[in-house]
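Participant: Below are the sequence and a predicted model; questions follow.
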Amino acid sequence: MRIEQINAKALERVDYDRYLLSQAVAKRVNQLLNGEKPLIELPKKNMQPTEIAILEIAEGLIKVKEI
């Protein structure tokens, strides 16, 4: 799946609220950088934490709530 499709799917999961998505991605990136394991099988090596976070949200593995 292309990154544009993944981003669109992630946006759909948060009712197209870009601010909410950016906050959720930032929080998940911090968790990943602090040692938490990804919730997905990584499709390629050396994925950036932001890519992992967006993919996890797009796949519905992370539920995003209003802040």
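Facilitator: Arrived safely.

Participant: Pick out the residue closest to the middle of the chain.
Facilitator: Geometric centre of the chain, nearest residue: residue 54, 2.1 Å, by C-alpha atoms, centre = their mean.

Participant: residues contacting that residue?
Facilitator: Neighbouring residues of residue 54 by C-beta atoms under 8 Å, 6 or more residues apart in numbering: 6-7, 10, 25. All C-beta spots, glycine's among them, are computed from the backbone N, C-alpha and C.

Participant: Apart from its chain neighbours, what residue comes closest to it?
Facilitator: residue 10 (5.1 Å; C-beta to C-beta, 6 or more residues apart in numbering).

Participant: got it, and residue 7?
Facilitator: Nearest non-adjacent residue to residue 7, counting by C-beta to C-beta, 6+ apart: residue 54, 6.4 Å away.

Participant: can you pull the contacts of residue 29?
Facilitator: Residue 29 sits in contact with 49-50, 53, where contact means C-beta under 8 Å, 6+ apart.

Participant: Which secondary structure state does it sit in?
Facilitator: On the three-state scheme (DSSP: H, G, I helix; E, B strand; the rest coil), residue 29 is labelled helix.

Participant: who touches the residue of the chain positioned farthest from its centre in this structure?
Facilitator: Relative to the centre of the chain, and counting by C-alpha atoms, centre = their mean, the farthest-placed residue is residue 45 at 16.7 Å. Residue 45 sits next to no residue when contact means C-beta under 8 Å, 6+ apart.
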